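# Provide a 3D model corresponding to the input given below.
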Amino acid sequence: MASDRDPTEGRGRRFSEDELQDLVASTDSGARAPDSRAVALFIAVVAFSWSLFQLWIAQPQLWFGQYVQVLNSAQTRPLHLAFALLLAFLAYPAYKTAPRNRVPLYDWVLGLLAAATAFYVFWYAREISLTARAGRPTQEQIIVGSIGIVLLLEASRRALGPALTVVGAVFLAYSYLGQGWLIPEIIEHNGLSFTSIINTQWLDTAGVFGIPLGVSTAFVFLFVLFGSLLDKAGAGNYFIKLAFAGLGHLRGGPAKAAVVGSGMTGLISGSSIANVVTTGTFTIPLMKRVGFTSEKAGAVEVASSVNGQIMPPVMGAAAFLMVEFVGISYLQVIKHAFIPAVISYIALIYIVHLEALKTNMPALGEARSLLQMFLKIAIGFVVAGAAFTGVIYAIGALRSLTPGLSDPIVLAVILVLYVLAVRVSAMRPDLELDDPNAKRISLPTVAEVFPTGIHFLLPILVLVWFLMVERQSPAKSAFYAVAMMLFIIITQRPIKAMFRRGAVAAETRAGFADLVEGMIAGARNMIGIGVATAAAGIIVATVTRTPIGTELAGLVEQLSGGHLFIMLVLVGVFSLILGMGLPTTANYIVVSSLMASVVVSLGAQEGLIVPLIAAHLFVFYFGIMADVTPPVGLASFAAAAVSGGDPIKTGFTAFFYSLRTVALPFLFIYNPTLILYGIDLGTAAGLFQAAVVFVTATVAMLLFAAATQGYFLAPSRFYESAALLLVAFTLFVPNFWLNQIQPPFEETPPARFEQVLDEAEPGEQVRFVVRGPDFVTGATTQTTLVYRVTDDTPPSGRADAAGLFLMPEGDRMLLEEPMFGSTYQQQMQGFDFYGSDPVEIVSVQSPADRLPKQVFYIPALLLLGLVVVLQRRRQTQPAF
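This next block holds a predicted model:
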């Protein structure tokens, strides 16, 4: 392979196409490819059957209920895991030198035994519910559970590396031992029995078969299958070509196209590594061609590919887990994630643009304006939004006029539009994979590329329609999108052949072959996720059944000295370290289970109300960053394999490009409006406020990017970069400066708490600080709580209605333990209400009447103007 190495570049080596595909397979779908046709066929049949099973349990019309038993979640989860475990042992070799061209006998034994332990939970579901889940597990059940846990951890090691296996084993040991010289005193406990651990982890629904595996079963599989079918149909190459047609002509155009192409490919692949290899094999050579070094070209691809997981509407498995962990709808998750994701990608395009300006890179072909391109994209979004809104009103009118016929009419219209779209596509040659190393690169135009795959937009629109307009569940929305994709992948080839007067029968067979391959690929891509969510359930169960779940806040508070910012840094570092060996989904499950509630509670102790969704997004963002961060950033190694650059240097450069992704989580913790928290998008005022937030945040993020890149209109001096950072910070968090000159709240005596609650108007919120002894340590602690007044709030007696039992005592307002099951009972469960010292309300706070925070935009913009004036003198080329 010496001939593949570029002697002018770094210490790396370019991988061949076969090596790159093997790299993706070894991390995402299993590297084993048996020579035996029978064995390969068996693995393919199992994978195809898994996809069929998932479609069967997902379809919303239970027409088969009178013939076949409808399975509940306690039955579908074990079957889901059985498929994943069997395929994990068959598709992933036990060690690096294990045979890849055959399945050794021990893997057959382990795979079948592992699948049998999961199938046992399905087959004996009723008996287990009457015995084990009632606290009386049998000896046979304990033996099966013990074998199942060991084999699950081994499957995790094979599919995901040793990290999750080690973490799971440590948590199991902690559950059993409870005490020891390595276990901090604050989280010590008496230890659980072996029987209790196995019962909790394998036989109950709180461990392996808990919420994470349930999300994988109900939601994630369908979205992964949707992406696999889109990719098999040709949408991946279409998105890349579309990105190059739109952005390839700009300065550093290949890098800008890589950013957009990877963002769109994120719809197809939830894997950072697959995204890097899929788009990078074309984009990285072209980036190097216009002047990017191997490391910078790889870093751009890594930064854009990794961020594909944060882009709505498909955000990877972690987004569906947020739905369960936070208790909000998937539509709300999309709402909160939208602005950070979009401005992150806009900032990355700008970073690439600045790199092109710094080195005066040429464009591929005739250079065009970035500002004009942004304007065209903005106009396109407005037109598309107006058209989508028109469709909503049209279908609403149709349903009101012909309620019984509206659905068949809509289905017929979609079918007609699909046939017309395929006809338009058939009039043009199919998109071919370009050679980025060709001597002459001819970039297509959007007008040439867009019509060739316009029918690929239909299933995406179906997904968005059911999620955002019909407000259906993610599972139901994904099912309809997959059903549309199944129809497309079968019919697009024969319909094209019909319009082209080609061999319809042969193309029909090819369409069915694409369907089978897409179904198999979707299942194989799910092996790692299925195993990861099951193994991560071990951590979740340990957190809920031992003191570590409730006492970790105290441990983290000690480490951080009680400062929220330091604690956030510790959480971020913890996520990065853990994520070096874990996929994003498993990392998110582990860290969010341990730390999300700690972020909220410690923030409340400092008087900062941190929304739970903000804490979960914080963990999610840092889990994604682990794919970038050296020394084990897997996406960086994949990019270096494509570029031939040094993987460590590529990783550090990618991390530098991704500083915006590091900064954003801290910003929306301290300013939740960045995630549209508390903004009602159902009103005109809410939409206007959201638009203002988006524009302001975008400008701030662009200035942050310019500051960190050391280039704005010209190369920046250190004080100019510092000024840009200050302006960006002010635009992001103007409240910081306002709080320095005017207090945000007016204090009211605690004795008037009940009166303040009853006088508050709908839309207002009353904050109150509760102080008292900690239930475990007895030390005095405090937290800040919020009472929100809504239209449904009773006009009087609001404290009693909220479950708060007040005991006025002179100027003091003491508290009894809140009503069991109420929100405040959960928020104050850490207080000791039965000790010698009382729990009391020590402060009541109402929003103060003060200057609008936007007043600080004025000095910020003046400072920005000064930087512009200084840099204009040194500017040698247009800024956009």
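# rest of the way, CA atoms for contacts and neighbours
Fine.
# give me the secondary structure label for Arg771.
Recorded secondary structure, Arg771: strand (DSSP: H, G, I helix; E, B strand; the rest coil).
# any idea what it is bridged to?
Note on Arg771: beta-bridge partners Gln782, Glu840, judged by DSSP bridges.
# what sits against it?
If a contact means C-alpha atoms under 8 Å, 6 or more residues apart in numbering, then Arg771 has 780-783, 839-842 as its contacts.
# can I get those residues in TSV including neighbour count, distance to Arg251 and pLDDT?
Shown next, in TSV, are those (neighbours: other C-alpha atoms under 10 Å; distance: C-alpha to C-alpha, whole Å; pLDDT from 0 to 100):
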residue	neighbour count	distance to Arg251	pLDDT
Thr780	14	60	87
Thr781	16	57	85
Gln782	24	55	87
Thr783	23	52	88
Val839	25	63	91
Glu840	22	63	92
Ile841	23	60	91
Val842	20	60	91
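# any idea how far Gln854 is from the spatially closest residue to Thr698 that is not a sequence neighbour?
Leaving aside its sequence neighbours, Thr698 sits nearest to Ile343 (C-alpha to C-alpha, 6 or more residues apart in numbering; 5.4 Å). Counting by C-alpha to C-alpha, to the nearest Å, the gap from Ile343 to Gln854 is 20 Å.
# more neighbours, these two?
Using other C-alpha atoms under 10 Å, the more surrounded residue of Ile343 and Gln854 is Ile343, with 22 against 13.
# mind listing the strands for this structure?
For the chain, applying DSSP state E gives strands covering 745-748, 765-773, 780-788, 806-809, 812-815, 839-847.
# redo the ones you listed as CSV? Include distance to Ser51.
Formatted as CSV, the strands of the chain follow (distance: least, C-alpha to C-alpha, whole Å):
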stretch, distance to Ser51
strand 745-748, 55
strand 765-773, 48
strand 780-788, 45
strand 806-809, 56
strand 812-815, 55
strand 839-847, 54
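# closest one to Ala299 among the ones you listed?
Nearest to Ala299, of all these, is strand 780-788, at 42.4 Å by C-alpha to C-alpha.
# which residues touch the closest one?
For strand 780-788, using C-alpha under 8 Å, 6+ apart, the contacting residues are 601, 604-609, 757, 763-774.
# so how far is it off the chain centroid?
In this view, strand 780-788 has its centroid 30 Å away from the chain centroid, taken as C-alpha atoms, centre = their mean, to the nearest Å.
# and the angle from it to strand 839-847?
50 degrees (axes from the mean of the first three to the mean of the last three C-alpha atoms, to 10 degrees).
# ok, back up a step: can you tell me which of the contacts of strand 780-788 are buried?
Burial by neighbour count, 16 or more other C-alpha atoms under 10 Å: within those this picks out 601, 604-605, 607-609, 757, 765-774.
# which helix in this protein runs the most residues?
If you go by DSSP state H, the chain has its longest helix at helix 370-401.
# that one packs against which elements?
If you count contacts as 3 or more C-alpha pairs under 8 Å, 6 or more residues apart in numbering; DSSP states H and E, helix 370-401 packs onto helix 406-426.
# which helices and strands does the helix it packs on pack with?
With contacts taken as 3+ C-alpha pairs under 8 Å, 6+ apart, helix 406-426 sits against helix 370-401, helix 474-499.
# ok so, going back, chain center to the longest helix of the chain: distance?
Counting by C-alpha atoms, centre = their mean, helix 370-401 is centred 26 Å from the centre of its parent chain.
# average pLDDT across it?
Mean pLDDT, helix 370-401: 82.
# what angle separates that helix from helix 406-426?
If you take the same axes, to 10 degrees, helix 370-401 sits at 150 degrees to helix 406-426.
# in this protein, which helix or strand is least confident?
When the helices and strands of the chain are scored by mean pLDDT, DSSP states H and E, helix 17-24 comes last with a mean of 63.
# so Leu681 touches Ala691, yeah?
No. Leu681 lies out of contact with Ala691 (C-alpha atoms under 8 Å); the separation is 10.2 Å.
# give the residues shared as contacts by those two.
By C-alpha under 8 Å, 6+ apart, no residue touches both Leu681 and Ala691.
# thought Val516 was touching Ala47?
No. Counting by C-alpha under 8 Å, Val516 does not reach Ala47; the two are 9.9 Å apart.
# neighbour-wise, which of those two wins?
Ala47 (27 against 21).
# how about the nearest residue to Arg493, chain neighbours excluded?
Nearest residue to Arg493, sequence neighbours excluded (C-alpha to C-alpha, 6+ apart): Glu507, at 5.3 Å.
# tell me the contacts of the one you found?
Contacts of Glu507 by C-alpha under 8 Å, 6+ apart are 493-494, 497.
# Thr389: which of these is nearest?
Nearest to Thr389 out of the contacts of Glu507 is Arg493 (C-alpha to C-alpha; 31.6 Å).
# and that closest one, what does it touch?
504, 507-508, 510-511.
# how near is it to Ala510?
From Arg493 across to Ala510, the span is 7 Å (C-alpha to C-alpha).
# and for Arg717, nearest residue in space, chain neighbours not counted?
Leaving out its chain neighbours, the residue that sits closest to Arg717 by C-alpha to C-alpha, 6+ apart is Gly710, at 7.4 Å.
# hmm, Ala723 and that neighbour touching each other?
No. If you go by C-alpha under 8 Å, Gly710 and Ala723 don't touch, sitting 11.6 Å apart.
# rewinding a little: using a markdown table, lay out the helices and strands packed on helix 406-426 together with distance to Pro93.
Below are the helices and strands packed on helix 406-426 laid out as a markdown table (distance: least, C-alpha to C-alpha, whole Å):
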| stretch | distance to Pro93 |
| --- | --- |
| helix 370-401 | 46 |
| helix 474-499 | 31 |
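# most tightly packed of those?
helix 474-499 (a mean of 22; mean count of other C-alpha atoms under 10 Å).
# now the angle from that helix to helix 406-426?
Inter-element angle recorded for helix 474-499 and helix 406-426: 50 degrees (by the same axes, to 10 degrees).
# and helix 474-499, how far from the chain's centre?
How far helix 474-499 lies from its chain's middle: 26 Å, per C-alpha atoms, centre = their mean.
# quick check: mean pLDDT across it?
For helix 474-499, the mean per-residue pLDDT is 92.
# how is this protein divided into domains?
Per automatic domain parsing, the domain ranges recorded for the chain read 2-212, 747-849.
# just these: most buried one?
Mean neighbour count (mean count of other C-alpha under 10 Å) peaks for domain 2-212 among these, with a mean of 18.
# next, count neighbours for Phe718.
A count of neighbours around Phe718, defined by other C-alpha under 10 Å, yields 11.
# typed the wrong thing, it's Val259
Val259 has 30 neighbouring residues, counting by other C-alpha under 10 Å.
# return the residues in contact with the nearest residue to it once chain neighbours are set aside.
Computed as C-alpha to C-alpha, 6+ apart, the closest residue to Val259 that is not its neighbour in sequence is Ser304, at 4.9 Å. Ser304 makes contacts with 258-260, 262-263, 345, 348, as judged by C-alpha under 8 Å, 6+ apart.
# and what of Lys496?
So Lys496 contacts 422-423, 425-426 (C-alpha under 8 Å, 6+ apart).
# could you let me know which of those residues ends up closest to Phe718?
Lowest distance from Phe718 to the contacts of Lys496 (C-alpha to C-alpha) belongs to Ser425, with 52.5 Å.
# quick check: that closest one touching Ala447?
No. Ser425 is not in contact with Ala447 according to C-alpha under 8 Å; the separation is 11.9 Å.
# ok, Leu354 touching Gln709?
Yes. The pair Leu354 / Gln709 is scored as a contact, 7.4 Å apart, by C-alpha under 8 Å.
# these two: which is more packed in?
Taking other C-alpha under 10 Å, Leu354 and Gln709 do not tie; Leu354 has more neighbours (25 against 19).
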